[in-house]
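Trainee: Coordinates for the following, if possible.
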Amino acid sequence: EAIGPDTLLYVDANSGFSPERAIEVGHMLEQYGVCHYEEPCPYPELEWTQQVNQALSLAVTGGEQDTDLAQFRRMIAMRAVDIVQPDVCYVGGLSRALQVAKMAEEAGIPCTPHSSNLSMVTVFTLHMLGAIPNAGRFMEYTIEWNNAWTDGLFSPPLKVVDGSVEIPKGPGWGVEINQQWLDKADYQISRL
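Mentor: Here you go, the predicted structure:
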């Protein structure tokens, strides 16, 4: 009620429910106009997620924790989710994330990549969304302001204006890594 009827509500269950509980929660979410139900069941349990997806009218999403292209192929083929959410870093880089987006595109499924912090993963994800034809309507973008480990990492900083973030322009990723940030970073060398 506080945010009004024009705001779309997304909910992330963080792999927390059995199919029965996820469906029960999903029906409650439908009553409140939630349009995006992320990872309702433990992510390796695709059949559970598929069961939830078939029982609900809101979009069931997943894939942020998946690292294997075979798992994404299976997820897409069985329509376990309505929206795939590869994470550029978890899945093994931009090339592999683009492969997931292409598989989803061929199946008519939107791709809304996972991007949960203001490190370079958000920059990579913005560029990915600008390059794929099946980009979802929105992008996950952290609203946590206490990101001390990423503060000052790159410039220019990303800015949200009227609910949108521009894809950085310029050479490479469109941002420059801040040398002062690197100089302050903790380094550790592991040896056997």
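
Trainee: all contacts plus neighbour counts: C-alpha atoms, from now on.
Mentor: Noted.

Trainee: now the protein, which segments are flagged as low pLDDT?
Mentor: Residues of the chain meeting the criterion pLDDT under 70: 145-147.

Trainee: what sits against the spatially most central residue of the chain?
Mentor: Closest residue to the average C-alpha location of the chain: residue 114 at 1.5 Å, with C-alpha atoms, centre = their mean. Counting by C-alpha atoms under 8 Å, 6 or more residues apart in numbering, residue 114 touches 64, 85-88, 125, 139-140.

Trainee: mind redoing it with 6 Å?
Mentor: Residue 114 is in contact with 64, 85-87, counting by C-alpha atoms under 6 Å, 6 or more residues apart in numbering.

Trainee: Setting the sequence-adjacent residues aside, check what's closest to it.
Mentor: Among residues not flanking residue 114 along the chain, residue 87 sits closest, at 4.7 Å (C-alpha to C-alpha, 6 or more residues apart in numbering).

Trainee: gap between the one you found and residue 50?
Mentor: Computed as C-alpha to C-alpha, to the nearest Å, the residue 87 to residue 50 distance reads 20 Å.

Trainee: more crowded one of these two?
Mentor: For residue 87 versus residue 50, the count of surrounding residues by other C-alpha atoms under 10 Å is larger for residue 87: 26 against 19.

Trainee: you'd agree the more buried one is up against residue 64?
Mentor: Yes - the criterion here is C-alpha atoms under 6 Å, and residue 87 meets it with residue 64 at 5.1 Å.

Trainee: Could I get the full set of helices for this protein?
Mentor: 19-31, 46-55, 69-77, 94-106, 120-131, 179-184 (DSSP state H).

Trainee: Give me every residue in contact with the fifth one, excluding its own residues.
Mentor: What it means is helix 120-131. Helix 120-131 has contacts (C-alpha under 6 Å, 6+ apart) with 115, 135, 167.

Trainee: Appreciated, that's everything.
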